[in-house]
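S.K.: Here is my input, please return the structure:
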Amino acid sequence: MKPRLTFLIILASFFLSAGQTQPSYSSDSLAVVHWEDSIVVVGNRYEIPLKNLGHNLQIYSSEQLQALGNHSVLEAIDLSFPSAFVVDKKIMGYGVGREGAGQVFLRGLGGKPNTGVLVLVNGHPDFMGIFGHPLPDVYGLEGIDRVEILAGAASTVFGDHAMGGVVNIVTRSVVQEPFILQVEGGNYKTYKVGLQSGFQKGRHSGYITIQRQYSGGHLEQTMFLSHHLVAGWNYQLSPHLELQVRARYVPYDFDDPSREADTPKDVLGVYGKIRRGMGELVLQNRFSRLEGSVQLYTNLGHHRFWDGFESRDFTHGFSIYQQYKYRPGVQLAGGLDILHYGGKANVDNQLHRLTSVGGYLIGILRPVSFLNVQTGLRFQYLSLPLTVVSPSISVSFRVFRQSRLFLGYHSGFRYPTLMELYLFPVSNDQLKEERVNSFEAGGMVTFGRLSLQLSYFMNDVWNLIQKVNNPAAPPPVIFRNSGKARQHGIEAQITLRRGRHFQQRFAYSYLQPDQLTAFNPAHQFKYWARYQTRRLAVDVYGKYVYGLYASNNEKDRLPDYDVLNAAVSLRWGAVDFQMKLLNILNRSYWILPDYPAPGFQLRVGMVYHMR
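M.R.: The predicted structure is shown next:
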């Protein structure tokens, strides 16, 4: 009854406040839609007018991420995007391995480890070279400009892993202030200290971010400690060319109470020391008709666990993306990706590596003013060898001003990871790629202060890599392409602005995940309300989750739950004083069986800006 009561209270507040009639205000933290001139850049690959977009794309600003998140951008995604669910069981830190968290599920796809949703950093893939999953504890909140979420299969443009969708984390290219100091503390010995500094001089600009965060955890053996070192430098070569250099180093340690005396040796993610480093070199070009970038990037990691498991992995990549505006109503976008990745673990002490090469071409056509057609094709080769062709087509049209309807078919795939191919007894070097065909229909309409978004999607998934009984044992189980699913669902979102100071957003998702019930709840309701003046900002936000399972095939059903949070920020001169109240109602809930989630938390801090 408690979750339903909270749901009714929030819903009632929406309808009661909807009766107010005040002029709209555009300087707020929720993105304001200007249909005729808004241009969105999709995953750093190509740009398209918002009114012509043929799928569900959401963009969250740095201000929104800071308001909703505490230590990672994934927290904000979990509380914002209608169908997103992020496995989060601790106060701070997700960990790595089978007992780790941080898996992102979009539209019923994601997996554990998280290989079914592609995470990009500035448009290029970011994943662990052996196990194929992103590293959620690397994605802190500081230095992030925005996060883009493209829901649904998207392998035509983005390639491997883009089955459930794409999360693109865009880092800030410039820090406007010379000095920013952040200090925050809370219960369970939790604290965060950070420093940012930036400069601009002539054609040069740069920044550096240093942060340390720690939590003793709400349970015994749930400690987390991390450091974030991020730096960037930009040089404007000419009015049309800019050179960018980025570097990131994130060492972190974590513990987890799932460690038991009889834990099997192949169970990871209970105590670990992780070291991750990333670097990228980007040349951006912006001419009157041709825009794009050339990227060189690398990602290196060293992982050590309590049971003696140790690995080193790498990812080296080259990408080029260009968009050519042939004439009004006709555009072409294309790209080439070369990715070499691999690593060595002390399971077999052998270096395993693969090379992937892919290219795509899409056409963006507007035959008449109210109709937009986008179609594309990708060819991908993996040195295993495997080849994949991934097509897509979408149509969007405007019925009237400030409206958009769209219909689309998209395809996605995921290559087997090196772990599934070669590591541990369950591996199988004969695995093929996972596949999904996704169909989507939806629309968006704005009536003055009110914006409505609605999407219906359907996934046809096959060739899923799963552990099955091995008729030629040993081993008793083995990875095989044996799973399939037919999923469908709904995503809805309402954004309402009232006057100069008050705004609200409500999101709902329904999902029928078929057999893939693990961490794919049937219903999610999410809300965010903000009151904001020149100095004061008050946020109330949370979510209600119904029909959650910890395993596939409707096994390990977990209780429904709701979480209510609040945040207050007061600006006084050069200092922002902040306070967050998390799980205000002190709800007891579980995202994993026998692993209680954190109760009430208090965070208090300040941010000093030297201007």
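
S.K.: so what's His488 up against?
M.R.: Residues near His488 by Cβ atoms under 8 Å, 6 or more residues apart in numbering: Tyr456, Phe457, Met458, Asn459, Leu511, Gln512. (C-beta placed from N, C-alpha, C; glycine too.)

S.K.: Report the buried members of those residues.
M.R.: Neighbour-count burial (16 or more other Cβ atoms under 10 Å) applied to the contacts of His488 gives Phe457, Met458, Asn459, Leu511, Gln512.

S.K.: Which of those residues sits closest to Ser390?
M.R.: Comparing these against Ser390 with Cβ to Cβ places Asn459 closest, at 14.7 Å.

S.K.: Identify the residue nearest that closest one in space, chain neighbours excluded?
M.R.: Among residues not flanking Asn459 along the chain, Gln487 sits closest, at 4.2 Å (Cβ to Cβ, 6 or more residues apart in numbering).

S.K.: measure Tyr214 to Ala492 for me?
M.R.: For Tyr214, the distance to Ala492 equals 39 Å [Cβ to Cβ, to the nearest Å].

S.K.: quick revisit: the residue nearest to Asn459 against Leu106, yeah?
M.R.: No - look at Gln487 against Leu106 with Cβ atoms under 8 Å: they stay out of range, at 11.4 Å.

S.K.: Next, Gln64: phi, psi?
M.R.: phi -70, psi -40 (degrees, to the nearest 10).

S.K.: returning to that earlier point: using a markdown table, lay out the contacts of His488 together with distance to Asp562 and secondary structure.
M.R.: Below are the contacts of His488 laid out as a markdown table (distance: Cβ to Cβ, whole Å; DSSP: H, G, I helix; E, B strand; the rest coil):
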| residue | distance to Asp562 | secondary structure |
| --- | --- | --- |
| Tyr456 | 25 | strand |
| Phe457 | 25 | strand |
| Met458 | 28 | strand |
| Asn459 | 27 | strand |
| Leu511 | 18 | strand |
| Gln512 | 22 | strand |
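
S.K.: Make CSV from the residues you listed and add pLDDT and distance to Val86 to it.
M.R.: Shown next, in CSV, are those (pLDDT from 0 to 100; distance: Cβ to Cβ, whole Å):
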residue, pLDDT, distance to Val86
Tyr456, 97, 23
Phe457, 97, 19
Met458, 97, 23
Asn459, 97, 19
Leu511, 97, 15
Gln512, 97, 20
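
S.K.: So which of these is the closest to Arg603?
M.R.: For the contacts of His488, the nearest to Arg603 is Leu511 (31.4 Å; Cβ to Cβ).

S.K.: ok now do the closest one, which residues does it touch?
M.R.: Ser83, Arg107, Gly108, Gln487, His488, Gly489, Asn520, Pro521, Ala522, His523.

S.K.: Now rank these by neighbours and give me the top one.
M.R.: In terms of neighbour count, Arg107 stands highest of the contacts of Leu511 at 33 neighbours, by other Cβ atoms under 10 Å.

S.K.: just checking, it touches Ala485?
M.R.: No - here Arg107 does not reach Ala485: they are 11.6 Å apart, not a contact under Cβ under 8 Å.

S.K.: list residues touching both of those two?
M.R.: Asn459.

S.K.: Leaving aside the residues adjacent along the chain, what's closest to Gly93?
M.R.: Nearest one to Gly93, counting by Cβ to Cβ, 6+ apart, is Phe224 at 3.1 Å.

S.K.: what's the spacing between that neighbour and Ser83?
M.R.: Counting by Cβ to Cβ - Phe224 and Ser83 are separated by 27 Å.

S.K.: Who does the nearest residue to Gln402 once chain neighbours are set aside form a beta bridge with?
M.R.: Closest residue to Gln402 apart from its sequence neighbours, by Cβ to Cβ, 6+ apart: Thr446 at 4.3 Å. According to DSSP bridges, the partner residues bridging Thr446 are Ser451.

S.K.: tell me, how many neighbours does Thr446 end up with?
M.R.: 18.

S.K.: Looks like it contacts Phe400 (just checking).
M.R.: No - taking contacts as Cβ under 8 Å, Thr446 lies outside contact range of Phe400: 10.6 Å.

S.K.: tell me which element the closest residue to Ser83 other than its chain neighbours falls in.
M.R.: In space, and not counting its chain neighbours, Ser83 is closest to Ser509: 4.1 Å by Cβ to Cβ, 6+ apart. Element membership of Ser509, judged by DSSP states H and E, is strand 502-512.

S.K.: Starting from that strand, tell me which strands it pairs with and how they run.
M.R.: Counting by DSSP bridges, strand 502-512 is paired with strand 477-498 (antiparallel), strand 523-532 (antiparallel).

S.K.: Quick one: distance of that strand to the chain centre.
M.R.: How far strand 502-512 lies from its chain's middle: 17 Å, per Cα atoms, centre = their mean, to the nearest Å.

S.K.: For Arg401, report the pLDDT, please.
M.R.: pLDDT recorded at Arg401 is 79.

S.K.: The one 4 residues further on now?
M.R.: According to the per-residue confidence, Leu405 scores 92 in pLDDT.

S.K.: From the contact counts, what lies against the helix or strand harbouring it?
M.R.: Element membership for Leu405 (DSSP H and E) is strand 403-414. Packing contacts for strand 403-414, counted by 3 or more Cβ pairs under 8 Å, 6 or more residues apart in numbering; DSSP states H and E, involve helix 155-158, strand 386-397, strand 434-447.
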